[in-house]
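Participant: how would this look folded up:
(one chain, ligands or ions: 1)
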Amino acid sequence: VTDRESLKREAALRAVALVESGMVVGLGTGSTAWYAVEALGARLRAGDLTNVVGVATSRATEVQAEALGIPLGPLEPHGVDLAIDGMDELDSQLDAIKGLGGALTREKLVALQAKTFVLIGDASKRVSYLGEKAPVPVEAIPFAQRVVAAELAALGCTPMLRRDEHGEPLVTDNGNVIFDCHFDAPFEAGEVARACKAMSGVVEHGLFLGMADVAFVASDAGVLELTR
Ligand code: A5P
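Facilitator: Below is the predicted model of the structure:
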């Protein structure tokens, strides 16, 4: 049995193999994306790739990339060739939930500007429907949080304000809060996504629908390449 960290790494390596010299690469956030950033750094160091610029989806990824000497640039319109990121849940349509790592807003911004968006993860992330295991993270402006909580609850979920290890409301890289929205029954993801987007005070939600082009999912049987 391959341990979970090795599986994450295997999935990440498959995605990083798609990077070519001269590309602008979206660098995801989380423990699986970490392996991708590391592998990209290694390919650059080895001289196997040149002229690659990363766009980081979080402060944490920025710090990791800088330490590896990966040049970073700003997010430009349609400016990302390939974005590589982890996922919290992946269904058979390659629709995903992201944001348990708190970086959903920048992750979505980068993925939306990418020609190719690649998700990576181990097989524990696969679900038969979105919300099966994970809540839907929703980032909101702190001033709006009570209003947003009430509007989210009206969608039929229980919104839980995410807290840090000290029990304080978690503050995102953008200075906002996150509600983890727990649904106890399958929901219409497209409707929830639209409703969240329409709420004043909501910055972004973690439903990534129709966005991924490819997913590499690693299990003991090897790495599966899923396409839409
Ligand atoms: C970060 O905000 C998330 O979207 C991560 O990409 C997601 O939580 C996957 O994280 P792991 O690779 O650590 O499971």
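
Participant: mind checking how far Gly210 is from Asp91?
Facilitator: Using Cβ to Cβ, to the nearest Å, Gly210 is found at 12 Å from Asp91. For glycine as for every other residue, the C-beta is placed from the backbone atoms N, C-alpha and C.

Participant: quick check on those two: which one has the bigger neighbour count.
Facilitator: Neighbour tally, Gly210 and Asp91, criterion other Cβ atoms under 10 Å: the higher count belongs to Asp91, 18 against 10.

Participant: now do the contacts for that one.
Facilitator: By Cβ atoms under 8 Å, 6 or more residues apart in numbering, the contact set of Asp91 is 126-130.

Participant: most surrounded residue in these?
Facilitator: That'd be Leu130 among these, by other Cβ under 10 Å, with 27 neighbours.

Participant: hey, which helix is longest across this structure?
Facilitator: Using DSSP state H to assign secondary structure, the helix with the most residues in the chain is helix 31-45.

Participant: near the ligand at all, the next helix-or-strand element following it?
Facilitator: Once the chain leaves helix 31-45, the next helix or strand it forms, by DSSP states H and E, is strand 53-56. No. Judged by Cβ under 6 Å from any ligand atom, strand 53-56 stays clear of the ligand, getting no closer than 12.2 Å.

Participant: what does strand 53-56 rub up against?
Facilitator: Looking at what lies outside strand 53-56 - Cβ under 8 Å, 6+ apart - the contacts are 23-27, 37, 40, 62, 65, 70-75, 79-80, 83, 106, 110.

Participant: just the ones in helices from those residues, please.
Facilitator: Those of the contacts of strand 53-56 lying in helices (DSSP H): 37, 40, 62, 65, 106, 110.

Participant: what sits closest to the fourth one if chain neighbours are left out?
Facilitator: What it means is Ala65. Gly54 (5.2 Å; Cβ to Cβ, 6 or more residues apart in numbering).
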